[in-house]
Every structure is written in structure tokens, then in C-alpha cells.
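A.B. asks: One predicted model, sequence on top.
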Amino acid sequence: MAADAGRRLDVANILSFGDDLVGVLLDRKDGESLAQAYDGARMLRSACRSESGDLKLQVKEYQDKINSCKEKLDKAKSETVTDEELNALQNEMEGKLQSEQQLRQDLRAVSDELDNLDLQRASIEEKKDAVKKKEKDMLKAQSMLSMCVSVTNIMSNFEDQDKISGYIVDKNMKKLDKFEFEKTMSPVEICDKLWKMI
């Protein structure tokens, strides 16, 4: 019953609405107003469609910009280094700098050692030249001594530093007589005694 009452009420409302609509349509002024309202509604609808199209384009442009920004942000995030990676890279760089400093110190040490070796080489070359000069002087002295021995037939003994000693030799350098003199004797006395022995 309540359902029937509700239907009767709805039908009554619809009939009342229909009567009002007929009254509005019969009124000429209302028809023109309705036509103007319809034309206004069409223009409004057309303007809304145009505005809607423009808004859709703008929304699409902004969405594209948002997507581009998201891509750039993702790319920037992928290119940026995390704190852990940054610390690892910094530690690696510090290790390489320490290695470089150690290599520079080693290079300085090697350079100093090379300079030292160059000085030693120069010193050795000087000593070598001095030895060659002494050998040359010694050969000269031996030649001179040999000439003196062949002229005077006297061979000195330079090993005995305490006395003046040596041998009287013949032409074949065969030792004949040995002589010894004290260093306290004068050179003239020594020469006289040697000439008497020859």
C-alpha cells in the first residue's frame, strides 16, 4: 500500500509538471525565451567544447612536461652518486694520492741515488785516471831505473826502508855483490864506497 501511495504521488507530480510545461509552451513570450535560452545553451556548449579542447591540449602539454621532468629526475638520480659511493670514491682517491706521494718520494730517492752514483762514477773515473797516470809514471820510473842500472851496474833495494841497500850486477843483470849502508852516512861517502865496489 505504501508503494501504491508513492506511485500515485509521483503520477500526480508528473501531471502537475506536464500542465506547467504546457502553460509555458503556450505562452509566446516563454517560447521566445526558451529559444533564446536554447541558442545561448548551444553557444555555451560550443564555447565549452572549444574551451574543453584547449584545456585537453594544455593538460596534455603539462602531462608531457611532467613526464619529461620525471625522466630528467630519474636520469639525474641514476647519475648522482650515493653517499656510500661518494665515500668509496673519496677513499679510493685518497689512496691514489698517497700512492702518488709515495711514488714521488721513491722517485726522489732514486734520483738522489742516481746523483750519488754519478758522483761515485766521476770519482772512480778520477781515481782510474790517477791510477793510469801512476802506472805511466811507474813505467817511466822503471825505465829510468833500468837505464840507471845498465849504466851504473847498481840495483837498489827499495823494500828495505831502514837502510840503503842493493846489489852490484853485471851486464846480464846477474847479482854479484850485495851492499848495505846506514842512512846516517852522507851521500858523498855512500857514492865513494859504491864506486870502489864497481
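C.D. replies: Done, it's in. Numbering: from 1, shown residues only.
A.B. asks: Check the burial of residue 48 by counting its neighbours.
C.D. replies: Neighbourhood size, residue 48 [other C-beta atoms under 10 Å]: 11. From N, CA and C alone the C-beta is placed, and that goes for glycine too.
A.B. asks: That one sits in which helix or strand?
C.D. replies: helix 28-79 (DSSP states H and E).
A.B. asks: Check residue 93 too.
C.D. replies: Assigned by DSSP H and E, residue 93 falls in helix 83-152.
A.B. asks: what's that helix packed up against?
C.D. replies: Counting contacts by 3 or more C-beta pairs under 8 Å, 6 or more residues apart in numbering; DSSP states H and E, helix 83-152 packs against strand 154-157.
A.B. asks: for the strand it packs on, packing partners?
C.D. replies: With contacts taken as 3+ C-beta pairs under 8 Å, 6+ apart, strand 154-157 sits against helix 83-152, strand 163-169.
A.B. asks: Please repeat the previous calculation with a cut-off of 7 Å.
C.D. replies: Packed against strand 154-157 by the contact rule (3 or more C-beta pairs under 7 Å, 6 or more residues apart in numbering; DSSP states H and E) you find strand 163-169.
A.B. asks: which residues sit against the strand it packs on?
C.D. replies: With C-beta atoms under 7 Å, 6 or more residues apart in numbering as the test, strand 163-169 has contacts from 149, 153-157, 175-183, 190, 197-198.
A.B. asks: 10 Å instead, please
C.D. replies: 149-150, 152-160, 173-183, 185, 187, 190, 194, 197-198 (C-beta atoms under 10 Å, 6 or more residues apart in numbering).
A.B. asks: Name the strands paired with it and say parallel or antiparallel.
C.D. replies: Take DSSP bridges as the rule and strand 163-169 pairs in its sheet with strand 154-157 (antiparallel), strand 175-182 (antiparallel).
A.B. asks: still on that earlier bit, show me how far the helix holding residue 48 is from its chain's centre.
C.D. replies: Helix 28-79 sits 60 Å away from the centroid of its parent chain (C-alpha atoms, centre = their mean, to the nearest Å).
A.B. asks: Could you shift the numbering so residue one becomes 9, and keep it that way?
C.D. replies: Sure, I'll start numbering at 9, so the last one becomes helix 36-87.
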